[in-house]
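K.L.:
Just a sequence and a predicted model for now, questions to come.
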Amino acid sequence: MSTRPTTTASSTTTTTLWRPTGPEELELVRASGWRAWPARLPEQPIFYPVLNEDYAIRIARGWNVPHSGVGYVTRFEVGSDFLARYPVQQAGGETILELWVPAEELTEFNRHIVGTIEVVHEFRRA
């Protein structure tokens, strides 16, 4: 997990997270002013941000592109003290690391995003 000091009004130390996403979810993030993730659908009880860019790229290419025609990787910062409540989950190999945020906690999670959510990669069908 990458933590770095970020200068904010409260001098919060943040952790960089990534999230692979498709066009529908990205449009909802855009509508929030790039400041929040949308509420989960009933069949999505967990929000899964990931802890490294490479894993996010693999998901965007391997899942989002085949299902939506396009996949995006986003990057955002969250207050590290807040994230301490979510144990790191190893979902596969050594670098397959993610956080499991229950859907009912997503509004609170969004309040701890520092700055904006940014798109750092875009992948499309060849």
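P.N.:
Alright, I've got the coordinates.

K.L.:
mind listing what the nearest residue to Arg124 once chain neighbours are set aside touches?
P.N.:
Sequence neighbours aside, Val70 is the residue nearest to Arg124 in space, at 5.1 Å (criterion: Cβ to Cβ, 6 or more residues apart in numbering). Every residue, glycine included, has its C-beta placed from N, CA and C. Residues counted as contacts of Val70 (Cβ atoms under 8 Å, 6 or more residues apart in numbering) are Gly22, Pro23, Asn64, Glu122, Phe123, Arg124, Arg125.

K.L.:
Can you check the pLDDT for the third one?
P.N.:
For Asn64, the model assigns a pLDDT of 96.

K.L.:
Over to it. Which of the three states is it?
P.N.:
Under the three-state scheme (DSSP: H, G, I helix; E, B strand; the rest coil), Asn64 adopts helix.

K.L.:
ok, it to Val114 distance?
P.N.:
Asn64 sits 25 Å away from Val114, taking Cβ to Cβ, to the nearest Å as the criterion.

K.L.:
Please list the members of the contacts of Val70 that lie in strands.
P.N.:
Under the assignment DSSP state E, the contacts of Val70 contribute Glu122, Phe123, Arg124 to strands.

K.L.:
neighbour-wise, which of those leads?
P.N.:
With neighbours defined as other Cβ atoms under 10 Å, the most crowded of the ones in strands among the contacts of Val70 is Phe123; it has 17 neighbours.
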